[in-house]
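1. Got a predicted model here, sequence first, then my questions.
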Amino acid sequence: MNRRLTTTLLTGLTIALLAACGAPEPVKETSRTPMGLTINPNVVKAGEVGTSYTFTLNATGLKGRSELATFKWSFSGGASGELEVAVENGAATLDVAQAFDAAGVYGLVASVDTGARAATASAVISIGEAAPEREAELTTCGDWVTKQQGAYGVTIDRWDVSSVPVGAVFDLKFDTIGIPDRILIEYPSGTYAHDTGWRGDAKHDGDALYPGGVVGGATGEARAIFTKGSDNEFTATVFGPDVKTRWSYEVRCRVPGR
């Protein structure tokens with residue numbers, strides 16, 4: 001008897017994965033733990049040049065018949081790799097390390113895949129006096145009023161939306177100009193509202209710089225990614241691991257009923 005599982009996962013953000021699994025006698029589970037991947041630490045601030053930093057990739061919710069999990073990881077400005085790890089008690093863990101020879105803002109993006117399900121996670125690494133954050137403000141709703149641009153590395157934009165009314169919904173529009181980049185929107189603080197996944201030219205799919213693969217074209221628009229509540233700030237984090245990359249994005253808010 002065949003059983004089709006269609007799972008949509010958010011890695012901090014979310015990469016859509018469709019998995020069709022068939023088995024003559026499917027395993028019956030009374031409960032299903034969501035599959036997830038975390039990186040510890042997920043932020044390094046004021047790191048030292050030349051110092052090796054270790055990051056623990058921890059995958060959980062690896063239930064069913066999974067015996068091995070495949071981790072893939074990529075440090076912008078550093079190494080990338082892939083390794084199979086044994087699953088024990090529904091979990092798998094891997095430590096990866098990297099040192100950086102120059103001050104700057106770097107990123108680590110990782111994925112885990114069991115062949116049936118997948119998840120991704122990311123970390124931001126600031127070495128030296130590099131400041132990864134930029135301030136931005138959105139004061140009115142209606143049109144696409146603000147555009148942010150950037151290039152290689154990790155860019156963190158903190159948007160002040162204190163002038164936007166509660167209940168307004170936010171949209172995102174982006175263009176990665178071909179070389180893949182990834183945009184994560186956090187709202188409220190600590191919650192990922194949207195993850196574009198790696199977006200760019202399909203010819204880059206399979207490149208180790210983009211764990212989990214390229215999931216769509218260079219341009220796109222996501223509507224109603226979150227609704228304004230009591231928090232007056234949202235964060236956009238852009239990962240651009242290729243030194244030749246260029247990207248831009250715009251945001252807008254809309255007030256329902258107006």
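-> Yep, it's here. Predicted model, so just to flag it, every value in this text is computed and none were measured.

2. contacting residues around the one helix or strand residue 250 maps to?
-> According to DSSP states H and E, residue 250 maps onto strand 247-254. Identification of contacts with strand 247-254 by Cβ atoms under 8 Å, 6 or more residues apart in numbering yields 138, 141-151, 159, 161, 164, 168-177, 181, 183, 228, 236, 238, 240. Every residue, glycine included, has its C-beta placed from N, CA and C.

3. change it to 7 Å
-> The contact list for strand 247-254 (Cβ atoms under 7 Å, 6 or more residues apart in numbering) reads 138, 141, 143-150, 164, 168-177, 181, 183, 228, 236, 238, 240.

4. Work out the sheet partners of it and label each with its direction, please.
-> strand 146-150 (antiparallel), strand 169-175 (antiparallel) (DSSP bridges).

5. how about it: buried residues?
-> The neighbour-count check on strand 247-254 (16 or more other Cβ atoms under 10 Å) flags 247, 248, 249, 250, 251, 252, 253 as buried.

6. Need the strands paired with strand 247-254 in JSON lines (columns: mean neighbour count and mean pLDDT).
-> Shown next, in JSON lines, are the strands paired with strand 247-254 (neighbours: other Cβ atoms under 10 Å; pLDDT from 0 to 100):
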{"stretch": "strand 146-150", "mean neighbour count": "15", "mean pLDDT": "83"}
{"stretch": "strand 169-175", "mean neighbour count": "20", "mean pLDDT": "98"}
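
7. So for residue 208, which of the ones you listed sits nearest?
-> Among the strands paired with strand 247-254, the nearest to residue 208 by Cβ to Cβ is strand 146-150 (22.0 Å).

8. send the alpha carbons of that closest one over as PDB?
-> Below are the C-alpha coordinates for strand 146-150, written out as PDB (Å, rounded to 0.1, in the frame of the first residue of the first chain):
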ATOM      1  CA  THR A 146      12.100  51.500  -0.500                       C
ATOM      2  CA  LYS A 147      14.700  49.500  -2.300                       C
ATOM      3  CA  GLN A 148      17.800  48.000  -0.600                       C
ATOM      4  CA  GLN A 149      20.800  46.800  -2.600                       C
ATOM      5  CA  GLY A 150      23.900  44.800  -1.700                       C
END
